[in-house]
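Give the three-dimensional model of this entry:
(one chain, ligands or ions: 1)
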Amino acid sequence: MTETIDKTVVLAAEKITARFGGIVALKDVDLAVRRGSVLGLIGPNGAGKTTLVNVLSGLIQPTSGRIRFDGVHRSWTLGKAARSGVARTFQASTVFREFSVVENVSIGGLNSKRPVDPHQILDRVDLGGRAHEVAGSLSFGELRRLGVAIALSTAPKVILLDEPGAGLTGHDLTMLANLIRGIRDDGTGVVLVDHNMRFLMNTVDSVVVLEGGMVIAEGSPEEIQRDQRVLAAYLGSHE
Ligand SMILES: Nc1ncnc2c1ncn2[C@@H]1O[C@H](COP(=O)(O)OP(=O)(O)OP(=O)(O)O)[C@@H](O)[C@H]1O
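Here you go, the predicted model:
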C-alpha cells in the first residue's frame with residue numbers, strides 16, 4: 001500500500017509517548033505543523049506542552065512514536081533538528097547581554113547552512129536602530145524580539161516559540177503578534193505555546209489542546225474557545 005503524504009505538513013509528531021519514570025507526560029500524541037501556518041499549543045499546567053516542544057526540537061527522545069520532517073521519518077536529535085531548519089526560543093532568554101544586538105544575531109547564524117543578513121533580521125523585528133547597542137540595554141519586550149531574531153538567523157523552516165509573550169503587555173504583545181504572523185506569511189511553520197489566551201487566540205491559525213499528556217481537542221481558535229471539554233479542562237486546573 002502506498003502512503004499518501006500531506007506536503008503542506010513540514011514537521012509531524014506521530015503517536016508520541018514520553019514517560020519520565022512513572023509519569024506519562026505525553027501519550028500517543030499526533031501533531032502536524034504546516035508550512036505558512038501558526039499552530040497554538042495550549043493546556044493547563046503540566047499538560048505536556050513543553051515536553052512536546054522538547055520532542056519536536058530533538059532535545060529529548062520520546063519513549064515511543066516517530067518524528068517526520070519534510071515527509072520523511074527521521075531519528076531526531078537537537079543537532080539534526082537544527083540542521084534541518086527547526087529553530088526554537090526558550091522560556092528563559094538565551095541572549096548574551098554583554099554582546100551587541102547584531103553580534104547576538106550573527107552568533108545565532110554561525111552554524112547555519114543558509115546564512116541570513118543579521119541587519120535584515122533586526123529590521124524585521126524592529127530592532128534595526130539598536131544593532132550596535134549592548135543587548136543588556138534592551139527593554140524586556142525588545143529582548144523577546146531579539147530572542148526571535150536569533151531563532152530567525154538560521155532561516156528556519158519551523159520555529160518553536162515557548163511562551164514568547166510571558167510578562168509582556170500592550171504594544172510589546174501587539175508587535176510580537178505581528179512579527180509571528182509575518183514569519184508565517186513567509187511560509188515558515190510556527191508552533192506557539194503561551195498562557196496568554198487572548199494573545200494566542202489572536203495570533204494562531206489553529207489550536208491543539210493537551211490535557212494530561214493527551215490531545216483533547218483541535219480546531220480553529222473559534223471552535224476551541226467554545227469547546228466544552230477545553231473549558232472544563234481549564235476550569236478544573238485553577239488557572
Ligand atoms: N525531566 C522531567 N522529569 C520528570 N518529570 C517531568 C520532566 N519534564 C516534565 N515532567 C513532567 O511531565 C508533565 C508534563 O510537563 P510539561 O512541562 O511538559 O507541561 P507543560 O504543559 O509545559 O506545563 P507548564 O504550562 O506548567 O509549563 C508534568 O507532570 C511534569 O512534571
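
wait, Val86 sits on Val158?
Yes: the pair Val86 and Val158 passes the contact test of C-beta atoms under 8 Å, sitting 4.7 Å apart. Heads up, the C-betas are built off the backbone N, CA and C, glycines and all.

Give the intersection of the neighbour lists for the two.
Leu11, Leu56 (C-beta atoms under 8 Å, 6 or more residues apart in numbering).

So for those two, which residue has more residues nearby?
Neighbour count, other C-beta atoms under 10 Å: between Val86 and Val158, Val86 has more, with 27 against 24.

and the more buried one, what does it touch?
Leu11, Leu56, Ser57, Gly58, Phe69, Pro156, Lys157, Val158, Ile159, Leu160.

The same query, at a cut-off of 10 Å, please.
10-11, 33, 56-58, 67, 69, 76, 78, 80, 151, 154, 156-160, 189, 191 (C-beta atoms under 10 Å, 6 or more residues apart in numbering).

The closest residue to Leu138 other than its chain neighbours: which element?
Spatial nearest neighbour of Leu138, excluding adjacent residues (C-beta to C-beta, 6 or more residues apart in numbering): Leu146 at 6.2 Å. Assigned by DSSP states H and E, Leu146 belongs to helix 140-152.

Gly79 too?
Secondary structure (DSSP H and E) places Gly79 in helix 78-84.

counting contacts, what elements does that helix pack onto?
Under the contact criterion of 3 or more C-beta pairs under 10 Å, 6 or more residues apart in numbering; DSSP states H and E, helix 78-84 touches strand 9-20, helix 49-56, strand 64-69, strand 72-74, strand 86-89, strand 158-162.

Lowest average pLDDT across these?
Lowest mean pLDDT within the helices and strands packed on helix 78-84: strand 86-89, at a mean of 91.

Can it be said to contact the ligand?
No: figure legend: strand 86-89 not in contact with the ligand (C-beta under 6 Å from any ligand atom); closest approach 13.7 Å.

ok, that strand: who's next to it in the sheet?
strand 158-162 (parallel) (DSSP bridges).

Tell me what angle the partner strand forms with helix 140-152.
Calculated by axes from the mean of the first three to the mean of the last three C-alpha atoms, to 10 degrees, strand 158-162 forms an angle of 150 degrees with helix 140-152.
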